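Asker: sequence plus predicted model, see below.
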Amino acid sequence: MAESVTLTPNTYDTLGVIHCGVLRDLTASCAGDLHKLNDGEEYTFERARVTVKRTGEEFTFTKQ
(Lines give C-alpha, C1' and ligand atoms only; values in the text may rest on other atoms or scores of the structure.)
Protein backbone atom coordinates (compact mmCIF):
# COMPACT_ATOMS: atom_id res chain seq x y z
CA MET A 1 0.00 0.00 0.00
CA ALA A 2 1.31 3.43 -0.94
CA GLU A 3 1.82 6.04 1.74
CA SER A 4 1.74 9.73 0.79
CA VAL A 5 1.92 13.23 2.20
CA THR A 6 1.13 16.59 0.54
CA LEU A 7 3.27 19.59 1.43
CA THR A 8 3.52 23.29 0.54
CA PRO A 9 6.59 25.58 0.57
CA ASN A 10 8.46 25.87 3.86
CA THR A 11 6.91 22.70 5.34
CA TYR A 12 8.14 19.19 6.06
CA ASP A 13 6.85 15.82 7.24
CA THR A 14 7.88 12.16 7.28
CA LEU A 15 6.93 9.08 5.30
CA GLY A 16 7.69 6.41 7.85
CA VAL A 17 11.26 7.31 8.81
CA ILE A 18 12.03 9.27 5.62
CA HIS A 19 12.09 13.06 5.98
CA CYS A 20 10.48 15.01 3.12
CA GLY A 21 10.06 18.75 2.70
CA VAL A 22 9.60 21.70 0.38
CA LEU A 23 11.97 24.65 0.61
CA ARG A 24 10.87 28.27 0.15
CA ASP A 25 12.29 28.30 -3.40
CA LEU A 26 10.01 25.33 -4.34
CA THR A 27 12.79 22.73 -4.20
CA ALA A 28 11.71 19.28 -3.02
CA SER A 29 13.83 17.55 -0.39
CA CYS A 30 13.73 13.86 0.47
CA ALA A 31 16.17 11.90 2.65
CA GLY A 32 18.78 14.63 2.19
CA ASP A 33 18.50 14.80 -1.63
CA LEU A 34 17.20 17.91 -3.41
CA HIS A 35 15.40 18.38 -6.73
CA LYS A 36 13.83 21.49 -8.29
CA LEU A 37 10.54 20.67 -10.04
CA ASN A 38 8.48 22.65 -12.52
CA ASP A 39 4.69 22.75 -12.18
CA GLY A 40 3.22 19.40 -13.29
CA GLU A 41 6.57 17.60 -13.11
CA GLU A 42 7.15 14.30 -11.29
CA TYR A 43 10.48 13.03 -9.97
CA THR A 44 11.61 9.85 -8.17
CA PHE A 45 14.24 10.02 -5.45
CA GLU A 46 15.91 6.68 -6.22
CA ARG A 47 17.74 6.22 -2.91
CA ALA A 48 14.58 6.68 -0.83
CA ARG A 49 12.19 5.17 -3.42
CA VAL A 50 9.90 8.18 -3.02
CA THR A 51 8.15 9.91 -5.92
CA VAL A 52 7.16 13.57 -5.71
CA LYS A 53 4.70 15.34 -7.99
CA ARG A 54 4.27 19.11 -8.08
CA THR A 55 0.87 20.69 -8.73
CA GLY A 56 1.12 24.46 -8.32
CA GLU A 57 2.55 24.98 -4.84
CA GLU A 58 1.49 21.54 -3.59
CA PHE A 59 4.02 18.71 -3.62
CA THR A 60 2.79 15.15 -3.08
CA PHE A 61 5.41 12.68 -1.87
CA THR A 62 4.54 8.99 -2.28
CA LYS A 63 6.41 5.91 -1.04
CA GLN A 64 5.32 2.49 -2.27
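Answerer: On my side now, so go ahead.
Asker: strands of this protein, start to end?
Answerer: Secondary structure of the chain by DSSP state E: the strands cover 3-7, 11-15, 18-22, 27-30, 33-36, 42-45, 50-55, 58-63.
Asker: now the fourth one: average pLDDT?
Answerer: Translated: strand 27-30. For strand 27-30, mean pLDDT rounds to 98.
Asker: would CSV of the strands of the chain with mean neighbour count be doable?
Answerer: Any C-beta I mention is one placed from the backbone N, CA and C, and that applies to glycine too. Below are those laid out as CSV (neighbours: other C-beta atoms under 10 Å):
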stretch, mean neighbour count
strand 3-7, 16
strand 11-15, 14
strand 18-22, 20
strand 27-30, 20
strand 33-36, 12
strand 42-45, 16
strand 50-55, 19
strand 58-63, 19
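Asker: can you tell me how far the residue nearest to residue 2 when sequence neighbours are not counted is from residue 19?
Answerer: What sits nearest to residue 2 in space, not counting adjacent residues and going by C-beta to C-beta, 6 or more residues apart in numbering, is residue 64, at 4.7 Å. Residue 64 sits 18 Å away from residue 19, going by C-beta to C-beta, to the nearest Å.
Asker: pLDDT weak spots in this protein?
Answerer: Scanning the chain for pLDDT under 70 picks out the ranges 1.
Asker: recalculate using a threshold of 90.
Answerer: 1-2, 64 (pLDDT under 90).
Asker: start and end of stretch 4-16, how far apart?
Answerer: Taking C-alpha to C-alpha, to the nearest Å, stretch 4-16 runs 10 Å from one end to the other.
Asker: please apply the same query to stretch 38-46.
Answerer: End to end - C-alpha to C-alpha - stretch 38-46 spans 19 Å.
Asker: outside of that stretch itself, list whatever touches it.
Answerer: Residues from elsewhere that reach stretch 38-46, judged by C-beta atoms under 8 Å, 6 or more residues apart in numbering: 28, 30-31, 33, 35, 37, 50-56.
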